[in-house]
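Engineer: Fold the following for me, if possible:
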Amino acid sequence: MSARYYSPYQSIHAWMAGERPALPCEATNRQEFARWKRAFRARLLRLLGPTPPPAPRNLEVLEESDQGDYIRRKVVFDSERYASVPAYLLIPKDIKPGERRPGILAAHGHGRGKIDVCGVVESEEEFQNQVAPLNYAYAVGFVQQGYVVLAPDWRCFGERANPADWVRPGRDTCNVSYLALGYAGYHLLRLQVWDAQRCLDVLQSLPMVDGHRLGMAGLSFGGTMTTYTTALDPRIRVACISGYVSTLDDAMGDRGLGNFCGSQYMPGLRTIGDIADVASLIAPRPLVVEMGEQDQCFVIDDAKQAFARVAQAYKAAGHPERLHADIHPAGHAWSGKVAYPVFARVLRHRGGA
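Structural biologist: Numbering: from 1, shown residues only. Predicted coordinates:
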């Protein structure tokens, strides 16, 4: 008698055990990798679904403050007809007239949005509670190294959070947002990546930014955003994925306990591959992957397993030296120990790798 599967839990785990993804990266040389990359990218884009129609950005500066060695501007722009993106723009004060610096897109994770990666707090106590535990202010770290940094709020976070009384108690606002936007025909992750790509447009439009030298970095959900945006947008020349590279087996298993949400859910991913395959689309561009030895969200053994698959892709692409691992002793936190020097090598001079 055949097995019976009653719950979705039973069904999805039986399906994952019995079905193989259609397009995992198994390339062994550059030609095979190039063919795989074209096929996987095309399938990924189809699964992500439609994008909104283009709309004027209407970029506006709302406020400006002097932060000592850099200027912090609060800006807002429209990414589509029905969505506006508030962001902090961090500009080093030592930029000379006519000089153009590399630009960084700093992606926040779950939490309070752009204020954390920019270290915007009202007290030392708030900093120690909200920013320090995750070493979260990497937007400040990048601007202090001389980059122009844009740090937006993603949908559902910061100034783009939903009204608290719109979501019933106990419901995840990301999940409800995903379902609500589905009524309009969109996947939330596609819209998040769309907003990130419009952020790159804004960076390229700034007179103090060299639009050919762009990087992206993010922790946790910021790592999700960095993975998908960099995979799909070749304008990003170097990236750091912190605390995200992992496997769907862990996320959907008894250890991860549903370690995903509506904001970072990729529809149909397991039918074609896994998270490592999305990250592999970044090859051969330089990539840093941060993994915390004490991370209880994306555990180190699973992260190393996924990283090994990305490493195989970089080897097939002909540039294994462009993939860097930063295995640090902390938990679910930003490191920067490897990322900052790698970004400097790639972005300080045209043609760097």
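Engineer: just the helices in this structure please.
Structural biologist: For the chain, the helices defined by DSSP state H cover 8-18, 30-48, 114-117, 124-130, 138-143, 173-182, 188-205, 221-232, 248-251, 269-272, 275-280, 300-316, 339-347.
Engineer: Asp94: which of those helices is closest?
Structural biologist: Minimum separation from Asp94 across these (CB to CB) falls at helix 138-143, 10.8 Å. All C-beta atoms are positioned from the backbone trio N, CA, C, and that covers glycine.
Engineer: how far does the closest one sit from the chain's center?
Structural biologist: Centre-to-centre, helix 138-143 and its host chain are 16 Å apart (CA atoms, centre = their mean, to the nearest Å).
Engineer: ok, residues contacting that helix?
Structural biologist: With contacts defined as CB atoms under 8 Å, 6 or more residues apart in numbering, helix 138-143 is touched by 70, 88, 90-92, 104, 106, 114, 117-119, 149, 151, 217, 219, 334, 336, 340, 343.
Engineer: How about the contacts made by the nearest residue to Phe260 once chain neighbours are set aside?
Structural biologist: Leaving aside its sequence neighbours, Phe260 sits nearest to Ala251 (CB to CB, 6 or more residues apart in numbering; 5.3 Å). Contacts for Ala251 (CB under 8 Å, 6+ apart) come out as 258-260.
Engineer: Going through the contacts of helix 138-143, which ones are buried?
Structural biologist: 70, 88, 90-92, 104, 106, 114, 117-119, 149, 151, 217, 219, 334, 336, 340, 343 (16 or more other CB atoms under 10 Å).
Engineer: From the contacts of helix 138-143, which land in strands?
Structural biologist: 70, 88, 90-92, 104, 106, 149, 151, 217, 219 (DSSP state E).
Engineer: mind putting these in JSON lines, distance to Leu45 included?
Structural biologist: Below are those laid out as JSON lines (distance: CB to CB, whole Å):
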{"residue": "Tyr70", "distance to Leu45": "36"}
{"residue": "Tyr88", "distance to Leu45": "30"}
{"residue": "Leu90", "distance to Leu45": "31"}
{"residue": "Ile91", "distance to Leu45": "34"}
{"residue": "Pro92", "distance to Leu45": "36"}
{"residue": "Ile104", "distance to Leu45": "25"}
{"residue": "Ala106", "distance to Leu45": "25"}
{"residue": "Val149", "distance to Leu45": "28"}
{"residue": "Ala151", "distance to Leu45": "26"}
{"residue": "Ala217", "distance to Leu45": "23"}
{"residue": "Leu219", "distance to Leu45": "26"}
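Engineer: Need those in TSV (columns: pLDDT and distance to Glu321).
Structural biologist: Formatted as TSV, the ones in strands among the contacts of helix 138-143 follow (pLDDT from 0 to 100; distance: CB to CB, whole Å):
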residue	pLDDT	distance to Glu321
Tyr70	98	32
Tyr88	98	34
Leu90	98	30
Ile91	98	33
Pro92	98	29
Ile104	98	22
Ala106	98	26
Val149	98	27
Ala151	98	30
Ala217	98	20
Leu219	98	25
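Engineer: Pretty sure Ala330 sits against Gln296.
Structural biologist: No - assessed by CB atoms under 8 Å, Ala330 is found out of contact with Gln296, at 11.4 Å.
Engineer: What backbone torsions are found at Asn58?
Structural biologist: Main-chain dihedrals, Asn58, degrees, to the nearest 10: phi 50, psi 50.
Engineer: residues in contact with it?
Structural biologist: Asn58 sits next to 77-78 when contact means CB under 8 Å, 6+ apart.
Engineer: Model confidence score at it, please.
Structural biologist: We note a pLDDT of 97 for Asn58 in this prediction.
Engineer: which regions of this structure lie under the pLDDT threshold?
Structural biologist: Scanning the chain for pLDDT under 70 picks out the ranges 349-353.
Engineer: If we use 50, what do you get?
Structural biologist: Across the chain, the ranges flagged by pLDDT under 50 are 350-353.
Engineer: Tyr88 versus Gly68, what's the distance?
Structural biologist: Distance of Gly68 to Tyr88, given as CB to CB, to the nearest Å: 15 Å.
Engineer: repeat for Tyr136
Structural biologist: 13 Å.
Engineer: Quick check: closest non-adjacent residue to Leu203.
Structural biologist: Gly103 (3.9 Å).
Engineer: Report the separation between that neighbour and Lys315.
Structural biologist: To Lys315, Gly103 is 30 Å away according to CB to CB.
Engineer: Just want to know which of these two has more residues nearby.
Structural biologist: Between Gly103 and Lys315, counting by other CB atoms under 10 Å, Gly103 is the more crowded of the two (29 against 17).
Engineer: coming back round to it: these two touch, right, the residue nearest to Leu203 and Gly146?
Structural biologist: No - the criterion here is CB under 8 Å, and Gly103 misses it with Gly146 at 11.3 Å.
Engineer: on that earlier part again, now distance to Glu159 too, for the helices of the chain, in a markdown table please.
Structural biologist: As requested, the helices of the chain are exported to a markdown table (distance: least, CB to CB, whole Å):
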| stretch | distance to Glu159 |
| --- | --- |
| helix 8-18 | 35 |
| helix 30-48 | 25 |
| helix 114-117 | 8 |
| helix 124-130 | 16 |
| helix 138-143 | 16 |
| helix 173-182 | 14 |
| helix 188-205 | 13 |
| helix 221-232 | 16 |
| helix 248-251 | 28 |
| helix 269-272 | 29 |
| helix 275-280 | 28 |
| helix 300-316 | 31 |
| helix 339-347 | 27 |
